[in-house]
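K.L.:
Got a predicted model here, sequence first, then my questions.
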Amino acid sequence: MPHDSNMTDAPIVHAKGIVRRDAARGQTLLHAASLDIRAGERIAITGPSGSGKSVFMRALALLDPLDSGEVQWRGKRIARATIPRYRRHVAYIRQRPALLDGTVEDNLRYPYTLQAYRDVHFERDEAAALASQAGRASDFLDRFASDLSGGEAQIAALIRVLQLAPDVLLLDEPTASLDPESALAIEQLVRAWFDAAPHARAWLWVSHDPAQAARVSNRHLTMRAGVLDDTASGAAHDATEAPR
């Protein structure tokens, strides 16, 4: 698989033979899957519904226990005590975000109350700049979460993560239930995050839309019946990627 010249040899995330099973039914949800995510990569995953894409993403985020295999961060095994730090750098964005009661700003301030982020502080101007990149007015942070549309809620959830400057985004169909305008706003916001440090960041984006997968990727994976396939041509996706 060819990679962009700005990518380093060492992966940011290395997954080796990770497996997930449904303990109750004894069914294998994810067959031994291996993947390297390197700085500069924009990876898309497509596949039928129920094929294991979300299972794989949650496994990479260490949100669910692995039945076998391991995930490494910059060449090192991740001890249980360091999982919160890992998730600070490798952020999982799900399809339907959970927002707290209160304003958008209240939601954006919440991560800074957690132990993993006690060394950083909320910056309203930076958060407002992110909202602007998604086409939202300056008063977006003052709106109540309960009044947001689905697209606006996803934008707020994404800003909540991006303000913390992660290295890798795991995007689990973040635009699946959104209108085209909101979907493009999400793509624009993620692209701006990537372009701020293209030699240091990467994303893994699950999409049900082949056209979107082509727009957002320079490498394409497929998932079927819990089996990850990394044989699609990255060069073909480079050729079809929308102009930046």
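P.N.:
That came through, no problem. Residues are numbered from 1 along each chain as shown.
K.L.:
which regions of the protein lie under the pLDDT threshold?
P.N.:
Flagging of the chain using pLDDT under 70 yields the residue ranges 1-9, 231-244.
K.L.:
where along it do the helices fall?
P.N.:
Along the chain, counting by DSSP state H, helices occupy 53-60, 83-89, 104-109, 124-133, 150-162, 180-195, 210-216, 234-240.
K.L.:
what about the closest residue to P166 other than its chain neighbours, distance to H121?
P.N.:
Nearest in space to P166, with sequence neighbours left out and distances taken as CB to CB, 6 or more residues apart in numbering, is A91 at 4.1 Å. All C-beta atoms are positioned from the backbone trio N, CA, C, and that covers glycine. Remark: distance between A91 and H121 (CB to CB, to the nearest Å) = 18 Å.
K.L.:
Can you pick out the residue with more neighbours from the two?
P.N.:
A91 (20 against 8; other CB atoms under 10 Å).
K.L.:
ok so, going back, show me what contacts the residue nearest to P166?
P.N.:
By CB atoms under 8 Å, 6 or more residues apart in numbering, the residues touching A91 are 161, 164, 166, 168-170.
K.L.:
now it: how far from A61?
P.N.:
Taking CB to CB, one finds A91 at 8 Å from A61.
K.L.:
before we move on, what about P198?
P.N.:
For P198, the distance to A61 equals 22 Å [CB to CB].
K.L.:
Next up, the contacts around the closest residue in space to T28 that isn't next to it in sequence.
P.N.:
Counting by CB to CB, 6+ apart, R21 is the residue found nearest to T28 once chain neighbours are left out, at 5.2 Å. Residues in contact with R21 (CB under 8 Å, 6+ apart) are 27-29, 67.
K.L.:
next one: phi and psi at the nearest residue to R109 once chain neighbours are set aside?
P.N.:
What sits nearest to R109 in space, not counting adjacent residues and going by CB to CB, 6+ apart, is F122, at 4.9 Å. Dihedral pair for F122: phi -70, psi 130, per degrees, to the nearest 10.
K.L.:
can you count the residues close to F122?
P.N.:
When neighbours are defined as other CB under 10 Å, F122 has 16 of them.
K.L.:
I am assuming L221 contacts A213, so please confirm or correct that.
P.N.:
No: between L221 and A213 there is no contact under CB atoms under 8 Å: 9.6 Å.
K.L.:
what touches both of the two?
P.N.:
Joint contacts of L221 and A213 (CB under 8 Å, 6+ apart) are 44-46.
K.L.:
Just the buried ones from the contacts of R21?
P.N.:
28-29, 67 (16 or more other CB atoms under 10 Å).
K.L.:
Skipping its backbone neighbours, what lies nearest the residue nearest the centre of the chain in space?
P.N.:
Among the residues of the chain, L170 comes closest to the average C-alpha position under CA atoms, centre = their mean, at 2.1 Å. Closest residue to L170 apart from its sequence neighbours, by CB to CB, 6+ apart: Y92 at 4.6 Å.
K.L.:
tell me the contacts of that neighbour?
P.N.:
Applying CB under 8 Å, 6+ apart to Y92 gives the contacts 57-58, 60-61, 63, 170, 172.
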